[in-house]
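1. What follows is a predicted structure for the sequence shown.
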Amino acid sequence: MINLVQQTLENLFTEYINSKNIFLKKDALSLNYTPENVSYREEQMKQLGSVLAPILKNNKPSNVFIYGITGTGKTLVTKHVIDQLKKIANLNNVEITTLYVNCKMKRVADTEYRLLAYILSLFDVHVPPTGLPTESIYKIFFDTLKNHKEIIILTLDEIDALVDKIGDEFLYNLTRMNQYNEGNIVIVGISNNLTFTEKLDSRVKSSLCDEELVFSPYNATQLKNILSDRAKVAFCEGILRDGVIAKCAALAAQEHGDARRALNLLRVSGEIAERDQDFYVDEKHVDFAQSKINLDYIMEAVKVQPKQSKVVLYSIIKLLEKEGKPYIYTGDVFSYYDNLCKSVGLKPLTTRRVSDLISELEMLSIIETKVISRGRHGRTRVLNMSVSDSVVVKIRTFLKEEFLI
DNA sequence: CATCCACCGGAAATAGGGGGGC
DNA sequence: GCCCCCCTATTTCCGGTGGATG
């Protein structure tokens, strides 16, 4: 028995080492990779560069706002420009501090308090995760800033998500502090939402949006060229079959020209080819990659849900199965959920809260809902899964194991 | 064509977990 | 320790509503 395992392992490894390499430098396809030159974004880089340049002479530049949907190179360009700036600053002995915060990080920077606590932690100042009045956090924050004479560039990525959640007051506070405390902080706000500024208070708007940069989505041709450039670095020669890059580009272009998606797709395609020990990457691998990425995304989202949310999702899946209908109503879900909680010994949440949890599941595109009226039978939401059956089965299996139901 | 269902979803209140000050 | 304060998650409260139904 052991010998057999030994044998297969040996085969596996031998085959692996003899197989042709797919990747030359896989990093080139990762999201953190900063390519030599950023295609189609020269204009934006120049703009951002000239806005931030005064730092090099110790003048505080204007705040900047950057708009554009996901995967249009906002983060990449910003990081690239700031890196260069830092490099030149170092060479000329100008001290600057740069901070990058992704506001969407759950439980890290998704409330005013947590955002400040997180920024402070970047300064190596640690505050309790809860308990203090926000005001005293501000005080600590200001005091910390006072200890820094150099100019600080604070990049707030996905800032629209944060403002949606907690309002724009913190932005107001940041800018106000800037005005009165001879502030030395420059805010670079990055938003995926094009109409973001409309939601801002006009005072905030005027001081934060001194400079605006717009990133438009890449079209399929541009995506194709971007992918080609990266693929040349990332893959061994002759590995990519014709049409692979075009397919990745086309699929991503459908998703509003998201370059991040396209790169992911290409990378995962290669990984699948590698795993299957194929000598090439072709369009079939791209198809597999597409569904694998989707599956991974959904499963990850499911795994990190709070327990209650998982129970709600499980109820929806079980109920859909039981009813055999392609849709169900909120009320049914709630009573099923209620029973389930009792049998698992979990305290059920109220309908109001469950309703919110359902909305969150929809936001994650795990389920789909639609408010309809059933006349005398009232107004409710119809819900169904928005993932394929095979994914549903995987989710169900996962949840079942987790609850031991 | 008025009625009324069964839930939607905003807003305010409350619980619960934590913190500082004295 | 006690007291009071804060933040976040959840509950409570409730006005609102599209359209089948009588």
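-> Nice, I can see it. In this text the structure is predicted, and so the values were computed from the model without any measurement.
2. what's the helix or strand containing residue A:296 packed up against?
-> Here residue A:296, judged by DSSP states H and E, is contained in helix A:283-303. Applying 3 or more C-beta pairs under 8 Å, 6 or more residues apart in numbering; DSSP states H and E, one finds that helix A:283-303 contacts helix A:244-254, helix A:259-275, helix A:389-403. For every residue, glycine as well, the C-beta is placed using N, CA and C.
3. can you count the residues close to the residue of chain A found nearest DNA strand C?
-> Of all residues in chain A, the one sitting closest to DNA strand C is residue A:375 (1.6 Å; C-beta to the nearest atom of the strand). Using other C-beta atoms under 10 Å, residue A:375 has 7 other residues around it.
4. pLDDT weak spots in chain A?
-> A:1-2, A:16, A:18-20, A:106-107, A:177-183, A:404-405 (pLDDT under 70).
5. near DNA strand C, which residues of chain A?
-> Contact residues, chain A versus DNA strand C (C-beta under 7 Å from any atom of the strand): A:111-114, A:130-135, A:306, A:308, A:347, A:349-350, A:352-353, A:356, A:372-376, A:378-379.
6. neighbouring contacts of the helix or strand that the helix holding residue A:296 is followed by?
-> Sequence order places helix A:307-323 as the next helix or strand after helix A:283-303, per DSSP H and E. For helix A:307-323, contacts defined as C-beta atoms under 8 Å, 6 or more residues apart in numbering pick out A:302, A:305, A:326-328, A:332-333, A:336-337, A:340-341, A:344, A:346, A:349, A:353-354, A:357-358, A:360-361, A:366-367, A:383-385, A:392, A:395-396, A:399-400, A:402-403, A:405.
7. Of those, keep whichever come out buried.
-> Buried residues within the contacts of helix A:307-323, defined by neighbour count using 16 or more other C-beta atoms under 10 Å: A:302, A:305, A:328, A:332-333, A:336-337, A:340-341, A:349, A:354, A:357-358, A:360-361, A:366-367, A:383, A:385, A:392, A:395-396, A:399.
8. Grab the nearest non-local neighbour of the most centrally placed residue in chain A.
-> The residue lying closest to the centre of chain A (C-alpha atoms, centre = their mean) is residue A:104, at 7.1 Å. Spatial nearest neighbour of residue A:104, chain neighbours left out: residue A:158 (4.3 Å); criterion: C-beta to C-beta, 6 or more residues apart in numbering.
9. Tell me who's in contact with that neighbour.
-> The neighbourhood of residue A:158, defined by C-beta under 8 Å, 6+ apart, consists of A:102-104, A:190-192.
10. Taking the residues you listed, tell me the two that lie furthest apart.
-> The largest distance within the contacts of residue A:158, taken as C-beta to C-beta, falls between A:102 and A:191 and amounts to 12.4 Å.
11. ok, the two, which is more surrounded?
-> The residue with more neighbours, out of residue A:102 and residue A:191, is residue A:191; 23 against 17, by other C-beta under 10 Å.
12. quick one, strands of chain A?
-> Here chain A has its strands, by DSSP state E, at A:64-67, A:96-102, A:151-157, A:185-191, A:211-214, A:328-329, A:367-373, A:379-385.
13. Next, the angle from the third one to strand A:96-102.
-> Orientation of strand A:151-157 against strand A:96-102 (axes from the mean of the first three to the mean of the last three C-alpha atoms, to 10 degrees) gives an angle of 10 degrees.
14. Just the buried ones out of the residues of chain A next to DNA strand C, please.
-> The neighbour-count test (16+ other C-beta under 10 Å) marks A:111-114, A:308, A:349 as buried among the residues of chain A next to DNA strand C.
15. With distance to DNA strand B as extra columns, can I get those in JSON lines?
-> Below are these laid out as JSON lines (distance: C-beta to the nearest atom of the strand, whole Å):
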{"residue": "A:111", "distance to DNA strand B": "12"}
{"residue": "A:112", "distance to DNA strand B": "14"}
{"residue": "A:113", "distance to DNA strand B": "10"}
{"residue": "A:114", "distance to DNA strand B": "13"}
{"residue": "A:308", "distance to DNA strand B": "14"}
{"residue": "A:349", "distance to DNA strand B": "12"}
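16. Give the full set of residues in contact with residue A:281.
-> Neighbouring residues of residue A:281 by C-beta under 8 Å, 6+ apart: A:22, A:235, A:239-241, A:244, A:269-270, A:273.
17. what separates the residue in the stretch 201-350 of chain A positioned nearest to DNA strand B from residue A:307, distance-wise?
-> The stretch 201-350 of chain A approaches DNA strand B most closely through residue A:331 (1.8 Å), counting by C-beta to the nearest atom of the strand. Going from residue A:331 to residue A:307 by C-beta to C-beta, to the nearest Å gives 22 Å.
18. Helices along the stretch 101-250 of chain A, start to end?
-> A:112-122, A:134-146, A:159-166, A:169-180, A:202-208, A:220-234, A:244-254 (DSSP state H, counting those that start in this stretch).
19. Give me the helices and strands touching the third one, please.
-> Think helix A:159-166. Helix A:159-166 packs on strand A:185-191, going by 3+ C-beta pairs under 8 Å, 6+ apart.
20. strands paired with the strand it packs on, and their directions?
-> Here strand A:185-191 is paired, per DSSP bridges, with strand A:64-67 (parallel), strand A:151-157 (parallel).
21. got the angle for that strand vs helix A:159-166?
-> 90 degrees.
22. quick one: strand A:185-191 to helix A:134-146, angle?
-> Per the same axes, to 10 degrees, the angle that strand A:185-191 makes with helix A:134-146 is 120 degrees.
23. just the angle between strand A:185-191 and helix A:112-122, please?
-> If you take the same axes, to 10 degrees, strand A:185-191 sits at 120 degrees to helix A:112-122.
24. hmm, who's touching stretch A:210-222?
-> By C-beta under 8 Å, 6+ apart, stretch A:210-222 touches A:39-41, A:44, A:47-48, A:51, A:62-69, A:71-74, A:77, A:194, A:226, A:249-250, A:253, A:256-259.
25. How about stretch A:251-269?
-> The contact list for stretch A:251-269 (C-beta under 8 Å, 6+ apart) reads A:26, A:29-31, A:69-73, A:217-220, A:222-223, A:226-227, A:230-231, A:234, A:244-245, A:248-249, A:281, A:285-286, A:288-290, A:292-293.
26. Much appreciated, bye for now.
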